[in-house]
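**Student:** Here's a sequence, model it:
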Amino acid sequence: MIAELHGKSRREDLLTSYVFGIIADQGILPAFREWFATAELVSNSDFPAKVALPSDGRSHVAFWPSFGRYGVPDAALIVDNANGRTLVGVEVKDESGLSREDQLDYAEALAPPSGLHLDTWRVRPRLKSFRQPDHAALLYITRDVRVPQDDLKGCGKSKIPVYWLSWRRLFRDLKEQGSLPCVPCQAQIDDLCAVLTRRNLFTFEGLDILEAWSGSVDFYHRR
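**Tutor:** The predicted structure follows:
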């Protein structure tokens with residue numbers, strides 16, 4: 001529904017609305033905290049790892065917000081907690097790669113002083129204050145199992161932390177989260193797991209232990 005309201009219909013747009021729609025509705029659940037914690041820092045190593053990816057606090061999501069001349073990312077995650085306000089620009093890919101080489105220049109728009117107009121964004125839930133963020137980061141999410149170096153080669157000298165995250169870890173973190181006490185909320189998580197399975201967005205974690213063969217050892221018979 002969120003994607004349709006924004007005139008979006010691509011696979012990655014739908015996936016954005018599914019995942020970050022749940023975050024907008026339910027906050028950063030334990031599974032999402034675990035997922036964000038697996039993000040790899042791909043920009044300047046001077047930044048403390050994980051410093052800007054929030055794990056708690058009141059979360060808000062803006063879908064396809066305007067970053068001015070830098071374009072429109074898929075989402076912006078805004079989190080208010082004891083560390084202040086963190087703004088994370090989110091660029092999402094599923095099957096396709098970047099549509100242009102400078103697409104991850106969103107980091108430049110986020111670098112302070114960002115000058116982004118949060119008051120013009122349709123934020124879910126609505127922000128109480130449109131003040132500028134204290135921290136900022138860019139998060140690039142793909143289906144790859146390893147960092148897509150070609151996509152991220154221009155992010156090394158970014159003025160803010162740039163992270164890469166794989167969709168494939170999310171499925172396991174959701175499964176390990178355990179059932180939520182809110183039945184409708186759990187139904188959303190179950191539906192999301194079904195979508196991730198349908199799109200093969202999970203990692204192979206080996207076969208279960210097989211029981212010993214109890215049949216006949218004579219597999220072949222002469223005629």
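**Student:** wait, is residue 106 part of a strand?
**Tutor:** No. Per DSSP: H, G, I helix; E, B strand; the rest coil, residue 106 lies outside any strand segment and is helix.
**Student:** Run a quick neighbour tally on it.
**Tutor:** When neighbours are counted by other CB atoms under 10 Å, residue 106 registers 25. Bear in mind the C-beta positions are built from the backbone N, C-alpha and C, glycine included.
**Student:** Next: residue 59.
**Tutor:** Considering only other CB under 10 Å, residue 59 is surrounded by 24 other residues.
**Student:** secondary structure element for it?
**Tutor:** strand 58-63 (DSSP states H and E).
**Student:** thinking in terms of the whole chain, how far from its middle is the next helix or strand after that strand?
**Tutor:** Using DSSP H and E, the helix or strand that follows strand 58-63 in sequence is strand 75-81. Computed by CA atoms, centre = their mean, to the nearest Å, the chain-centroid distance of strand 75-81 equals 12 Å.
**Student:** For the following helix or strand past strand 75-81, which strands pair with it and how are they oriented?
**Tutor:** Counting by DSSP H and E, the next helix or strand C-terminal to strand 75-81 is strand 84-92. Counting by DSSP bridges, the strands paired with strand 84-92 are strand 75-81 (antiparallel), strand 135-142 (parallel).
**Student:** now the ones you listed as JSON lines including mean neighbour count?
**Tutor:** Compiled in JSON lines, those are given as follows (neighbours: other CB atoms under 10 Å):
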{"stretch": "strand 75-81", "mean neighbour count": "22"}
{"stretch": "strand 135-142", "mean neighbour count": "24"}
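**Student:** With distance to residue 119 and mean pLDDT as added columns, please give these in a markdown table.
**Tutor:** As requested, the strands paired with strand 84-92 are exported to a markdown table (distance: least, CB to CB, whole Å; pLDDT from 0 to 100):
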| stretch | distance to residue 119 | mean pLDDT |
| --- | --- | --- |
| strand 75-81 | 12 | 95 |
| strand 135-142 | 17 | 94 |
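**Student:** Indicate which one of those strands is closest to residue 94.
**Tutor:** The closest of the strands paired with strand 84-92 to residue 94 is strand 135-142. By CB to CB, the value is 7.8 Å.
**Student:** Dig out what the most centrally placed residue in the chain forms beta bridges with.
**Tutor:** Taking CA atoms, centre = their mean, the centroid of the chain lies closest to residue 141, which sits 5.5 Å from it. Beta bridges link residue 141 to residue 92, residue 165, judged by DSSP bridges.
**Student:** shouldn't it be in contact with residue 166?
**Tutor:** Yes. Between residue 141 and residue 166 there is a contact under CB atoms under 8 Å: 7.4 Å.
**Student:** re the thing from before, can you pull the contacts of the residue nearest to the centre of the chain?
**Tutor:** 90-93, 164-167 (CB atoms under 8 Å, 6 or more residues apart in numbering).
**Student:** Check what pLDDT the closest residue to residue 134 other than its chain neighbours gets.
**Tutor:** Leaving aside its sequence neighbours, residue 134 sits nearest to residue 84 (CB to CB, 6 or more residues apart in numbering; 3.3 Å). Listed pLDDT for residue 84 reads 91.
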